[in-house]
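[1] dropping a prediction and its sequence here:
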Amino acid sequence: MKKTILKISLIILLSVSTNYAYSLNTSYYRLIEDKLTKQTTEKEHIEEVFSNSDLIISEDETIYFSGCDFKHSEENKQEINNRLNKSDFFRNYKNELKKYHLTTNSFSKLYYRNNNDTLENNSDSSDQCNEYSNIYSNINIILLDNNELMIPYKNQLFFFHRLSNEDEKKLNDLNNNGKCVDIPQKEIMEFVEVCYYQHMSILDVYDAMSTNPAYIFREKIGIGENRSVTYEDKVVDVEYKWKGKNKLEILQHFEGGETSYIFKHKKNGTKLTTIESAD
């Protein structure tokens, strides 16, 4: 199950990065997992849904999340209060708001999904969004005064922090320089994708991808450094194998299959082949 959700997350991430026009002002937010408690219901499900997905805020104040777009409502605090009140937000999340000492005065902006809008010229993202409409259709995303994003979901509040300027630059460089294509496979349980990143070394691409926990690139690596590690929280064994200074293979062995990332550096950039296969 974990393997399937991770694969879906990677497909969503890569499809968005291929079709969305990133700029230096694109902002990225990630789940604050420290605010997930033992009492969080469906904790594992929440982590899989939210922690492997970027919330991306564009220059036009649109949030892109897992193929869906959420528009910024031009409203003051009182209007935000009225909109949320109509959806029973304050009644449904009374205890959660009290736990985090939040009131309407803590809310800076409100973003909501417009079902008629999709990512520009991107019907695939619309399909992905519709596939998970039971999760996203009634979601509001709230920007708090402390610059965290908050998502009310299943009577719980989930919080997201903005990445550092350094990590945002890495991701913008990756997305602006990358172009990905899916490779059709005969095997139903296999997914292959090839990406080309101009003007980026293997370590440039790896470091940028390591900012996203979906890839499980946790090790700080250097050229020629081979190693094997195990991450018990993800139930995965990972091997790093260099073949010369211009080729790196990362093999991730899950209970339900294997994912391999093959980096090859050439004069004008790096080619990355991702292969996911189920047992």
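    Cool, got the structure. Numbering: from 1, shown residues only.

[2] check which element follows the helix or strand of the chain with the lowest mean pLDDT along the chain.
    Of all helical and strand segments in the chain, the minimum by mean pLDDT, DSSP states H and E falls on helix 2-19, at a mean of 42. As assigned by DSSP states H and E, the chain's next helix or strand after helix 2-19 is strand 27-31.

[3] mean confidence for that following strand?
    Strand 27-31 shows a mean pLDDT of 89.

[4] with stretch 96-103 instead?
    Here the average pLDDT along stretch 96-103 is 93.

[5] contacts for that stretch?
    Contact with stretch 96-103 is made by 90, 144, 150, 152, 155, 156, 157, as judged by C-beta atoms under 8 Å, 6 or more residues apart in numbering. Any C-beta I mention is one placed from the backbone N, CA and C, and that applies to glycine too.

[6] quick one: contacts for the nearest residue to residue 140 once chain neighbours are set aside?
    Ranked by C-beta to C-beta, 6 or more residues apart in numbering and with sequence neighbours excluded, the top spatial neighbour of residue 140 is residue 112, at 5.3 Å. By C-beta under 8 Å, 6+ apart, residue 112 lies in contact with 70, 71, 73, 139, 140, 141.

[7] pLDDT value on the fourth one, please?
    When you say that, I think you mean residue 139. Per-residue confidence (pLDDT) for residue 139: 78.

[8] would you agree it is in contact with residue 151?
    Yes - using C-beta atoms under 8 Å, residue 139 is in contact with residue 151, at 6.1 Å.

[9] would residue 240 count as being in a strand?
    Yes - Residue 240: assigned to a strand according to DSSP: H, G, I helix; E, B strand; the rest coil.

[10] what bridges to it?
    residue 227, residue 250 (DSSP bridges).

[11] pull the number of nearby residues for it.
    When neighbours are defined as other C-beta atoms under 10 Å, residue 240 has 18 of them.

[12] cool, and residue 253?
    Close neighbours of residue 253, defined as other C-beta under 10 Å, add up to 15.

[13] how about the one 5 residues further on?
    For residue 258, the tally of surrounding residues (other C-beta under 10 Å) stands at 16.

[14] cheers, nothing more for now.
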